[in-house]
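[1] Provided below are the primary sequence and the corresponding predicted coordinates.
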Amino acid sequence: MLQVAYLREHKEDVIARLAVKNFDAKSIIEELILLDEKRRQTQAEHDDTLAESNKLSKEIGMLYKSGNSEEANAKKALTAELKEKSKQLNQLLSDTQDSLHEKLVQIPNIPHDSVPAGNSDEDNKVISQEGEFPDLGNHAKPHWELVAEKNIIDFELGVKITGAGFPVYRGKGAKLQRALINYFLDKNIDAGYEEVMPPHMVNEASGFGTGQLPDKEGQMYHVTEDNLYLIPTAEVPVTNIFRNVILKKEDLPIKCTAYTPCFRREAGSYGKDVRGLNRLHQFDKIEIVQIQHPDESYKTLDEMVAHVASILRELKLPFRILQLCGGDISFTSSLTYDFEVYSAAQEKWLEVSSVSNFESYQTNRLKLRYRDEDKKTKLCHSLNGSSLALPRVLAAIIENYQGADGIHIPEVLIPYCGFDKIE
RNA sequence: GGAGAGGUGGCUGAGUGGCUGAAAGCGGCACCCUGCUAAGGUGUUAUACUCGUAAGGGUAUCGGGGGUUCGAAUCCCUUCCUCUCCGCCA
C-alpha cells in the first residue's frame, strides 16, 4: 500500500511510473487526493468539535464540584448539539477513511526506474545466463517419466489421497527432497540468515500485511471454520513476525530464512505447463526475507540475487536471471528478478526463484518501522526471495542429471543424501 | 468440547465515573556524582492523525466494535483473543 502523502506530492511521477505496470492511475489518484483532502478537513472539524465538548465537560465537572449545579445544568444543554455534530462528523470521517483505504489498496506498488516496459513474460529482460546445457542425446526423458520409472514420486497416489497437484515423494525421492531442504537452509544460514519455523496457517491480518488479501484471496486455501489461510509462501508468516514493530536502526538488516510447504489453489491456471512437478498445489520452498533500511534495500536485493545464484551454481544447473518487465512484475513489488533453470529434457526454462524488493509497500501495511536518528519512525523496506523452490529444481536435477545408469546426484547434495545415484 | 479467569504503556503492575495519556517498579536515553568493579542522584522516555517554518497546539488510543453519561480504562452490550482447570489427544 502506498502512502497518501507520497501520492499527493508526486502525483505526476507516480502516474508515469505506474504506466510501466500498464496501470492507468490518473483517475484513481485524483479521486484519492480529493478524498484525502476531505478526510483532513473532516477530521479538523471533528477534532474542533470534540475539543469544545471536552472543554465543556471539564467545566461542568468543576461547577458540580463547587456546588454550582444550576450553571452546570445550563451548560449541559449546550453539549447536546455538539454531541450530535460530532457523531455525524465521525460517521463522515470513517466513511471517508474507508473509501480512501479501499482505493489505496487498488493501486499497485510503484516499479523501480529500471523496470522495463512490457506486457508479458516475453518482455522480461535477460540479465545473465550461465552454466552448460547437458548433452542428453536423444533418449532424454522428462522428469515425470523418470520419477515413475524409479518410483520416487507418485502423482497418481497423491490424486488418490488428496487430488491432483499433491504428489507423494517416496524412497530416494523423499530423501532427496529432504536433502535439498537441508542444503538450502544451510546455505542460507551460512549467509547470515536466521532460521525460523513459522506456522503454516495464518490469520486474516497476516494475509493483509503482505498483500495476499484482499486481492489474491482466491489463490489461498481458506479454512473457513477458523478463518485461517494455508500459507502460499513462507513470506507471509515470516514477514508478519514484524507486523506492528518499531525496530532500532542498528537492528537492520534483519535476515530470516524458513522452510515451509506452500499451498496454492492455482485457480485458473489449468492446462499450461502443469505436467509433473511444473505446477503443484503443495510444494516445498525455502524462503529468505530481509527487513532493511530504505537506503540499503537495493544493495540488499543485489546481495540476495547473488546468493541465490551461488546456490544454483553449486548445483551445476544452467540458469538465467531475468528482470521482470512492468507487465509481469507482481502487484506489490518494485523490482523483481526471476531465476530460471534450464530443463534439458523439456527443453525449456523453469522458474525456480523470484527475488523482490517491495520497498515500503508491504511495511506500510504491516506498520513495520524503524526509528531514525531524528527519533522519528520511518517505514522499513522489505525484501524476499525463494532460496529455493524445490519442485522445479528437483525436476531440473532429475532431467539434467539423467544417465544410462540412473539419475546422478549433484555433488554438493551427496553428503545430504547419503547416496550418489538413483537407479 | 465443558467450566472459570483475564485482556492497561517496551516489560511487570496499580487504577471502579471527572485534575488519569494513565501511579509505582523495571528497562531505555541524557546529564551529574563517584579514582577500579559496582553503586548513587537528577531529568527524560507511547503511537497515530492533524494544524504550525518551528516552538508548540488539537484529537484519538487502556484488545476490537457499539451503548449509557455533560464526562468512561472504570458501568452496560457485543465480538475477538489469551490463560487456568476438566475432557479428548500427538
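    Great, that's in hand.
[2] Those residues of chain A touching RNA strand B, which are they?
    A:5, A:40, A:43-44, A:46-48, A:50-51, A:53-58, A:60-62, A:64-65, A:76, A:79-80, A:83, A:94, A:246, A:369, A:371, A:377 (CB under 7 Å from any atom of the strand). Bear in mind the C-beta positions are built from the backbone N, C-alpha and C, glycine included.
[3] one more time with 6 Å, if that's ok
    Applying CB under 6 Å from any atom of the strand, we find that chain A lies next to RNA strand B at A:40, A:43-44, A:47, A:50-51, A:54, A:56-57, A:60-61, A:64-65, A:76, A:79, A:83, A:369, A:377.
[4] Just grab the bridge partners of the residue in the stretch 201-350 of chain A positioned nearest to RNA strand B for me.
    Of the stretch 201-350 of chain A, the residue with the smallest distance to RNA strand B, taken as CB to the nearest atom of the strand, is residue A:246 at 6.2 Å. With DSSP bridges applied, residue A:246 shows beta-bridge pairing to residue A:369.
[5] residues in contact with it?
    Applying CB atoms under 8 Å, 6 or more residues apart in numbering to residue A:246 gives the contacts A:369-371, A:377.
[6] Which among those residues count as buried?
    Buried by 16 or more other CB atoms under 10 Å: A:369-370, out of these.
[7] tell me which element residue A:51 is part of?
    Taking DSSP states H and E as the definition, residue A:51 sits inside helix A:26-65.
[8] List the buried residues in that helix.
    By 16+ other CB under 10 Å, the buried positions in helix A:26-65 come out as A:28-29, A:32, A:35-36, A:38-39, A:42-43, A:46, A:49-50, A:53, A:60, A:63.
[9] just stretch A:257-269 next, same as before
    Here stretch A:257-269 shows A:257-260, A:262-265 as buried, counting by 16+ other CB under 10 Å.
[10] ditto for stretch A:282-296
    So stretch A:282-296, judged by 16+ other CB under 10 Å, has buried residues A:282-294.
[11] quick revisit: any chance of the buried residues of stretch A:257-269 in JSON lines, with pLDDT and secondary structure too?
    Below are the buried residues of stretch A:257-269 laid out as JSON lines (pLDDT from 0 to 100; DSSP: H, G, I helix; E, B strand; the rest coil):
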{"residue": "A:257", "pLDDT": "97", "secondary structure": "strand"}
{"residue": "A:258", "pLDDT": "97", "secondary structure": "strand"}
{"residue": "A:259", "pLDDT": "97", "secondary structure": "strand"}
{"residue": "A:260", "pLDDT": "96", "secondary structure": "strand"}
{"residue": "A:262", "pLDDT": "96", "secondary structure": "strand"}
{"residue": "A:263", "pLDDT": "95", "secondary structure": "strand"}
{"residue": "A:264", "pLDDT": "94", "secondary structure": "coil"}
{"residue": "A:265", "pLDDT": "92", "secondary structure": "coil"}
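[12] which pair in those spans the largest distance?
    Farthest-apart pair in the buried residues of stretch A:257-269 is A:257 and A:265; separation 25.4 Å (CB to CB).
[13] show me where the stretch 251-400 of chain A has strands.
    Secondary structure of the stretch 251-400 of chain A (DSSP state E, counting those that start in this stretch): strands at A:254-263, A:282-292, A:319-323, A:335-343, A:348-357, A:369-371, A:377-379, A:381-389.
[14] What strands flank the fifth one, and is each parallel or antiparallel?
    For strand A:348-357, the pairing partners within the sheet under DSSP bridges are strand A:335-343 (antiparallel), strand A:381-389 (antiparallel).
[15] what's the angle from the last one to strand A:254-263?
    In other words, strand A:381-389. Strand A:381-389 and strand A:254-263 are oriented at 50 degrees to each other (axes from the mean of the first three to the mean of the last three CA atoms, to 10 degrees).
[16] Send over strand A:381-389 as CSV, restricted to the C-alpha atoms.
    Extracted in CSV, the C-alpha atoms of strand A:381-389 (Å, rounded to 0.1, in the frame of the first residue of the first chain):
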residue,chain,number,x,y,z
HIS,A,381,11.9,-1.8,3.3
SER,A,382,11.0,-5.5,2.9
LEU,A,383,12.5,-8.0,0.5
ASN,A,384,12.1,-11.6,-0.1
GLY,A,385,13.1,-14.4,-2.4
SER,A,386,13.0,-18.1,-2.9
SER,A,387,16.1,-19.8,-2.0
LEU,A,388,14.8,-22.0,-3.4
ALA,A,389,11.5,-23.6,-4.5
